[in-house]
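**Q** okay, sequence plus prediction incoming.
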Amino acid sequence: MLRISQRLLLFFVLALFLPASHVSAEDNVLSTIAEATRQYNAGDYTGAASNLDYAAQLVRQQKSERMKSLLPEPLEGWEGKEANAQALGAAILGGGITVSRDYRRENSRISVEIVSDSPVLQSVLMMINNPMFAGAGGGKLETLKEQRAIVKYDGGKESGEMYVVVDSRFVVTIKGKNVTREDMMAYGEAIDYASLEQH
């Protein structure tokens, strides 16, 4: 029978990973967690910690793959490249999950990036919550589909960027070159923010 401390560890691990992973029978997240529990019971704390870190990385990878589906399809007249996903552990630049996709229309370029579980969120939140920071960089605070956003656009250079904070957990970044402000806003409006909040 598991000791109380072991039960708490097992409960914590399962509660942490299962809701986020939506694992299938073929998935090895649960087997990795089970191995970590076995190592913990045997007193192999180093091995248990290593396997828990590995399981956490597998969950981050699964989450990033699911988030790729939230990147918008190319709008009319545009072409889109294949979406990319990257999941980094906390030891690398503070960690985080990033999915991105590039779009083109003749010489116009737009990129859409969604970041979660990253330290970059705090700096964007600071700008969103303090108009002085947003305005210092030439940005304007706006509301996009009920989400707070910072929009920067240079009409002379026909380029700009916008940052949208979703549920205080995600940062959506949209950057454009040789585009109109309306092009950028259209891609911002094409994102399903309600679905993103559920991830």
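**A** On my side now, so go ahead.

**Q** and the next element down the chain from the longest helix seen in the chain?
**A** Using DSSP state H to define each element, the chain has its longest helix at helix 45-68. The C-terminal neighbour of helix 45-68 among helices and strands, as given by DSSP states H and E, is strand 79-80.

**Q** packing partners of the next helix or strand after that following strand?
**A** Next helix or strand after strand 79-80 toward the C-terminus (DSSP H and E): strand 84-88. Under the contact definition 3 or more CB pairs under 8 Å, 6 or more residues apart in numbering; DSSP states H and E, strand 84-88 sits against helix 45-68, strand 96-105. Where C-beta positions appear, they are placed from N, C-alpha and C, glycine not excepted.

**Q** same question for strand 84-88, mean pLDDT?
**A** For strand 84-88, mean pLDDT rounds to 76.

**Q** quick one: contacts of that strand?
**A** The contact list for strand 84-88, computed with CB atoms under 8 Å, 6 or more residues apart in numbering, reads 57, 60-61, 63-65, 67-68, 95-101.

**Q** from those residues, list just the buried residues.
**A** 57, 60-61, 63-64, 67, 95-101 (16 or more other CB atoms under 10 Å).

**Q** reformat those as JSON lines; add pLDDT and distance to residue 108.
**A** Output for the buried ones among the contacts of strand 84-88, formatted as JSON lines (pLDDT from 0 to 100; distance: CB to CB, whole Å):
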{"residue": "57", "pLDDT": "72", "distance to residue 108": "36"}
{"residue": "60", "pLDDT": "71", "distance to residue 108": "33"}
{"residue": "61", "pLDDT": "72", "distance to residue 108": "32"}
{"residue": "63", "pLDDT": "74", "distance to residue 108": "31"}
{"residue": "64", "pLDDT": "70", "distance to residue 108": "27"}
{"residue": "67", "pLDDT": "80", "distance to residue 108": "25"}
{"residue": "95", "pLDDT": "53", "distance to residue 108": "33"}
{"residue": "96", "pLDDT": "74", "distance to residue 108": "28"}
{"residue": "97", "pLDDT": "81", "distance to residue 108": "28"}
{"residue": "98", "pLDDT": "85", "distance to residue 108": "23"}
{"residue": "99", "pLDDT": "90", "distance to residue 108": "22"}
{"residue": "100", "pLDDT": "92", "distance to residue 108": "17"}
{"residue": "101", "pLDDT": "95", "distance to residue 108": "15"}
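
**Q** quick check, nearest of those residues to residue 173?
**A** Ranked by distance to residue 173 (CB to CB), these are led by residue 100 at 8.5 Å.

**Q** can you show me the helices along the protein?
**A** Secondary structure of the chain (DSSP H): helices at 4-21, 29-41, 45-68, 120-129, 131-136, 181-189, 193-197.

**Q** for the third one, packing partners?
**A** Going back to what we said before, that points to helix 45-68. Against helix 45-68 (3+ CB pairs under 8 Å, 6+ apart) you get helix 4-21, helix 29-41, strand 84-88, strand 96-105, strand 108-116.

**Q** packing partners for the fourth one?
**A** Contacting strand 96-105 under the criterion 3+ CB pairs under 8 Å, 6+ apart are the following elements: helix 45-68, strand 79-80, strand 84-88, strand 108-116.
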